[in-house]
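J.: I'll drop the sequence and a predicted model, then ask my questions.
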Amino acid sequence: MFDSLATDYNRYRPSLPDPVVQLLAATLDGVRAPKVVDLGAGTGQVALALLPVLPADSRIDLVDRDAGMLTTAIEVLRPELGQRSAIAHVVAAEEFTPVVDGDQADLITICRAFHWMDRPAVLAMADRVAAPTAAVAVMGDGSLWTHEADWTSALKDLIRSHLGPERRAGTTGAYKEAGRRYEDDLAQSPFSAVTEHRFPLTRMWTPDHVVGYLRSTSFARQDLFTDHARFEEQARDLLEAHAQDGLLSEELDFTVLLARRPGAVR
């Protein structure tokens, strides 16, 4: 679905908030050379945010179906790695296997991607590759489609006027809500000891940033439109009309479900 979107994805997708980075780093306390597996890695936003808190000799396995996304991720990460290493795996999340047989992950992250995955299969894979005390972090903050504000409501109305009433997902289909909550998936997995962490934050957007972000989404990607240039012109006008001092405000919670095997203690 996200083929050829790497440039816009890398440029416009928001990074992890610092409190989330610190929470994830705390799961690795005492691990000298941690191994992190990032599922649905995209262009490496999670990995790039984590690098400053990872010790030397750490390794990040970047897992994504899209080779173009991972090529961009490695290009972005390479100047920042130092002694750390990053390996790209062009496979579905549930098909990931470590480069070294028997190697174990100390942290598995899934950011804004769990809803696209075969979640029971992914968690079964995680059970095979995770160290006994490893954490699985399922995290996200929704999207501008789910955010409720005057400007996002107007923007959704504009998108619907071009693409029809249903939220789109890919070139032909409509988005379908997950059949059950992520907490339920985790509760029925080996990682059933779950704590929820919510981090309220305010994110500021410029109209140009929103327009660029939309190109990276499943609901407003460029190839869905018969006249994408016209849509972007209308979207920019709409957003500029709603902006205050050139900015649009998004109030949101960034949520992390931190899951471990019952009784796991580091």
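T.: Nice, thanks for sending it over.

J.: where does pLDDT dip in the stretch 151-266 of the chain?
T.: Counting by pLDDT under 70, the ranges of the stretch 151-266 of the chain that qualify are 170-179, 265-266.

J.: strands of that one, start to end?
T.: 168-169, 173-174, 193-205, 248-260 (DSSP state E, counting those that start in this stretch).

J.: reformat those strands as JSON lines; add mean neighbour count and distance to residue 219.
T.: From N, CA and C alone the C-beta is placed, and that goes for glycine too. Listed next are those as JSON lines, based on neighbours: other Cβ atoms under 10 Å; distance: least, Cβ to Cβ, whole Å:
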{"stretch": "strand 168-169", "mean neighbour count": "20", "distance to residue 219": "5"}
{"stretch": "strand 173-174", "mean neighbour count": "12", "distance to residue 219": "10"}
{"stretch": "strand 193-205", "mean neighbour count": "13", "distance to residue 219": "16"}
{"stretch": "strand 248-260", "mean neighbour count": "19", "distance to residue 219": "16"}
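
J.: using TSV, lay out those strands together with distance to residue 142.
T.: What follows is the strands of the stretch 151-266 of the chain, written out as TSV (distance: least, Cβ to Cβ, whole Å):
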stretch	distance to residue 142
strand 168-169	15
strand 173-174	18
strand 193-205	11
strand 248-260	7
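
J.: so which of the ones you listed gets nearest residue 58?
T.: strand 248-260 (19.0 Å; Cβ to Cβ).

J.: please write out the alpha-carbon positions of that closest one in PDB.
T.: These are the backbone C-alpha positions of strand 248-260, laid out as PDB (Å, rounded to 0.1, in the frame of the first residue of the first chain):
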ATOM      1  CA  LEU A 248      -2.900  24.300  13.100                       C
ATOM      2  CA  SER A 249      -3.100  22.700  16.600                       C
ATOM      3  CA  GLU A 250      -3.600  19.000  17.300                       C
ATOM      4  CA  GLU A 251      -4.200  17.900  20.900                       C
ATOM      5  CA  LEU A 252      -3.600  14.200  21.300                       C
ATOM      6  CA  ASP A 253      -2.500  11.300  23.500                       C
ATOM      7  CA  PHE A 254       0.400   9.200  22.400                       C
ATOM      8  CA  THR A 255      -0.400   5.700  23.800                       C
ATOM      9  CA  VAL A 256       2.100   2.900  24.600                       C
ATOM     10  CA  LEU A 257       1.000  -0.600  25.500                       C
ATOM     11  CA  LEU A 258       4.000  -2.100  27.100                       C
ATOM     12  CA  ALA A 259       3.600  -5.900  27.200                       C
ATOM     13  CA  ARG A 260       5.700  -8.600  28.800                       C
END
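
J.: tell me the strands beside that strand, with direction?
T.: Using DSSP bridges, strand 248-260 pairs in its sheet with strand 130-140 (antiparallel), strand 193-205 (antiparallel).

J.: mean confidence for the shortest one?
T.: By that I understand strand 130-140. The average pLDDT within strand 130-140 is 97.

J.: who's in contact with it?
T.: 16, 20, 24, 27, 104-112, 114, 123, 126, 182, 186, 191, 254-261, 264-266 (Cβ atoms under 8 Å, 6 or more residues apart in numbering).

J.: at 7 Å instead, please
T.: 20, 24, 27, 104-112, 114, 126, 182, 191, 255-260, 264-266 (Cβ atoms under 7 Å, 6 or more residues apart in numbering).

J.: please apply the same query to stretch 47-56.
T.: 15-16, 21, 24-25, 32-34, 36, 38, 41, 60, 62, 73, 76-77, 80, 82-84, 86.

J.: repeat that for 10 Å
T.: 10, 15-18, 20-22, 24-26, 28, 31-34, 36, 38, 41, 44, 58, 60-62, 73-74, 76-77, 80-84, 86, 107, 109, 111 (Cβ atoms under 10 Å, 6 or more residues apart in numbering).
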